[in-house]
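Build me a model from this:
(one chain, ligands or ions: 1)
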Amino acid sequence: VAAVPHDTNPPRARGPDDPAGYRALRRATGRREIEVIDQRALPHVRAGIVLRDAADVERAIRDMWVRGAPLIGAVGAYGLAMALDADSGDAALARAHAALDGTRPTAVNLRWALDRVRARVAPLARSDRADAAWAEADAIVAEDIAINHAIGQHGLALIEAIAARNGGRPVEVMTHCNAGALATCGWGTATAPIYLAQARGIAVRVWVSETRPRLQGAGLTAWEMRERGIGHRICVDAAAGLLMRRGAVDIVLVGADRVAANGDLCNKIGTYDKALAAHDNGVPLYVGLPSPTLDAALPDGQHIPIETREAREVTCVHGLGPDGTPTSVRVAPPDSDAVNYAFDITPARLVTGFITERGIAPASRDGLAGLFPERYA
Ligand code: MRU
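Below is the predicted model:
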């Protein structure tokens, strides 16, 4: 893996296709490699890393240099293209698909993207496969950006309605983990409505829950908000209930790693607790759901595989030491073990609605089937 200086991923002008002024994933035209932002270094350093072969990609996804459901799908698709550059035979295709698919089990986008690339190239002559895979991965990226934008527009209507009721008071949004530009190829899912509201001049403030243990909220979402000049405050995960009880939250917006056919939602651990608190306090909870994250083949959330990660992520805290070097500090007794489920399941009954690229769906089988009938056929 080749680390490259971070000025290869310089701030750029914001535009309709590049709302954040940066991209979590880029492919320079014609290059058979990709550059990703190394998310382990954020929020301290914005560093780009060039991934050149399938082994690079496997490592980057498994060790969470890149993360977020849509992003790992797109990066995985490029990984399959890189594997085909090395060997375009059937056996190599099957091996690379399995290896990439095994890197992270929960977000269905990875499997979806790998299956899509494989289906595109399998019928082709070996000599045509790699080029077709690169083109398919490019198409996945372009579609993700368009999906993000459509989710943003549908979600914007929710924020506008709250702003109209608030009579000048900022709309207080709570989010969890990072379902932002860093988790996707473009605008993010949960964040897209926030970014579009900001562009419309609507005052929005964001409660960023820190998201133990890997702190995607405190490290990544807070960084995104700061980059865009959006007012935000970080709270510990356990503060969500108190804040909602005090009327400090107008709406909860989260992302999704997989949604089952009945609307059960799998997202970052802690989402379920927020949904319970939101339900108890009458706060609406909406989920940014790009269609590749809908797994209509799974009847309900019980069937979603939940990734478990190393206990060390819980027993230690990672950050920058006083001299600015990355440091890990143990906070638990040396012989205490820990469990580290990376995701939880929120039952559909606690979800107010799914913001998809086709509109807002009630959180039910019928609601989702109404917008995506072809997936329920
Ligand atoms: O473990 P991560 O950081 O990959 O988890 C990411 C999340 O849970 C996001 O909320 C989810 O992928 C939605 S991203 C648009």
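
Output the set of residues of this structure in proximity to the ligand.
Taking CB under 6 Å from any ligand atom as the measure of proximity, the chain contacts the ligand at 67-70, 107, 177, 179, 183-184, 189, 216, 255-257, 267-268, 342. (Glycine included, C-beta is placed from N, CA and C.)

Narrow these to those in strands?
Counted as lying in strands by DSSP state E, out of the residues of the chain next to the ligand, are 267-268.

okay, the closest residue to the ligand within the stretch 151-300 of the chain: pLDDT?
Closest to the ligand within the stretch 151-300 of the chain is residue 255: 2.6 Å, counting by CB to the nearest ligand atom. Looking at residue 255, its pLDDT stands at 98.

Please apply the same query to the one 4 residues further on.
The predicted structure scores residue 259 at 98 on the pLDDT scale.

can I assume it sits in a strand?
Yes. Residue assignment for residue 259, taken from DSSP: H, G, I helix; E, B strand; the rest coil, places it within a strand.

what comes up buried for stretch 69-88?
Residues of stretch 69-88 classed as buried by neighbour count (16 or more other CB atoms under 10 Å): 69-85, 87-88.

Stretch 334-346 too?
340, 342-346.

hmm, back to that, tell me which of the buried residues of stretch 69-88 fall in helices.
69-85 (DSSP state H).

CA-only coordinates of stretch 115-135 in PDB, if you can.
Output of stretch 115-135 as PDB, limited to C-alpha atoms (Å, rounded to 0.1, in the frame of the first residue of the first chain):
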ATOM      1  CA  ASP A 115     -22.200  -9.400  -7.100                       C
ATOM      2  CA  ARG A 116     -23.000  -6.600  -9.600                       C
ATOM      3  CA  VAL A 117     -19.400  -6.500 -11.000                       C
ATOM      4  CA  ARG A 118     -19.200 -10.300 -11.100                       C
ATOM      5  CA  ALA A 119     -22.500 -10.500 -13.000                       C
ATOM      6  CA  ARG A 120     -21.300  -7.900 -15.500                       C
ATOM      7  CA  VAL A 121     -18.000  -9.600 -16.300                       C
ATOM      8  CA  ALA A 122     -18.700 -13.300 -15.900                       C
ATOM      9  CA  PRO A 123     -20.300 -13.700 -19.400                       C
ATOM     10  CA  LEU A 124     -17.500 -11.800 -21.100                       C
ATOM     11  CA  ALA A 125     -14.400 -13.000 -22.800                       C
ATOM     12  CA  ARG A 126     -11.400 -13.000 -20.400                       C
ATOM     13  CA  SER A 127      -9.700 -10.200 -22.300                       C
ATOM     14  CA  ASP A 128     -12.700  -7.900 -21.800                       C
ATOM     15  CA  ARG A 129     -13.400  -8.600 -18.200                       C
ATOM     16  CA  ALA A 130     -11.100  -6.200 -16.400                       C
ATOM     17  CA  ASP A 131     -12.000  -3.100 -18.500                       C
ATOM     18  CA  ALA A 132     -15.700  -3.900 -17.900                       C
ATOM     19  CA  ALA A 133     -15.200  -4.300 -14.200                       C
ATOM     20  CA  TRP A 134     -13.500  -0.800 -14.000                       C
ATOM     21  CA  ALA A 135     -16.400   0.700 -15.900                       C
END
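
what residues does that stretch touch?
Contacts of stretch 115-135 from elsewhere in the structure, counted by CB atoms under 8 Å, 6 or more residues apart in numbering, are 32, 77-78, 80-81, 84-85, 88-90, 93, 97, 136-137, 140.

For it, which residues meet the burial criterion?
Going by neighbour count (16+ other CB under 10 Å), the buried part of stretch 115-135 is 116-118, 120-121, 129-134.

Whichever helix in the chain runs longest: how far from the chain's middle?
Residue-count comparison of every helix in the chain, with assignments taken from DSSP H, identifies helix 126-166 as the longest. Distance of helix 126-166 from its chain centroid, counting by CA atoms, centre = their mean, to the nearest Å, is 12 Å.

average pLDDT across that helix?
The pLDDT scores in helix 126-166 average 98.

Just want the angle from it to helix 69-86.
Between the direction of helix 126-166 and that of helix 69-86, the angle (axes from the mean of the first three to the mean of the last three CA atoms, to 10 degrees) works out to 170 degrees.

Would you mind measuring from the closest residue to residue 236 other than its chain neighbours to residue 178?
Among residues not flanking residue 236 along the chain, residue 210 sits closest, at 5.7 Å (CB to CB, 6 or more residues apart in numbering). In this structure, residue 210 and residue 178 are separated by 11 Å, where distance is defined by CB to CB, to the nearest Å.

same thing with residue 374?
Relative to residue 178, residue 374 is positioned 30 Å away (criterion: CB to CB).

neighbour count winner among these two?
When residue 374 is set against residue 178 and neighbours are counted by other CB atoms under 10 Å, the residue ahead is residue 178, at 32 against 8.

Contact partners for the more buried one?
By CB under 8 Å, 6+ apart, the neighbours of residue 178 are 67-68, 188, 211, 216-217, 220-221, 224, 255.

before we move on, what about residue 147?
Taking CB under 8 Å, 6+ apart as the criterion, residue 147 is in contact with 70, 290-292, 357.

contacting residues around the residue lying closest to residue 342 once chain neighbours are set aside?
When the adjacent residues along the chain are set aside, residue 342 lies closest to residue 307, with 4.3 Å between them (CB to CB, 6+ apart). Residues in contact with residue 307 (CB under 8 Å, 6+ apart) are 104-106, 341-343.

Also residue 150?
When contacts are counted by CB under 8 Å, 6+ apart, residue 150 is found next to 356-358.

and it, how far is that from residue 157?
For residue 150, the distance to residue 157 equals 12 Å [CB to CB].
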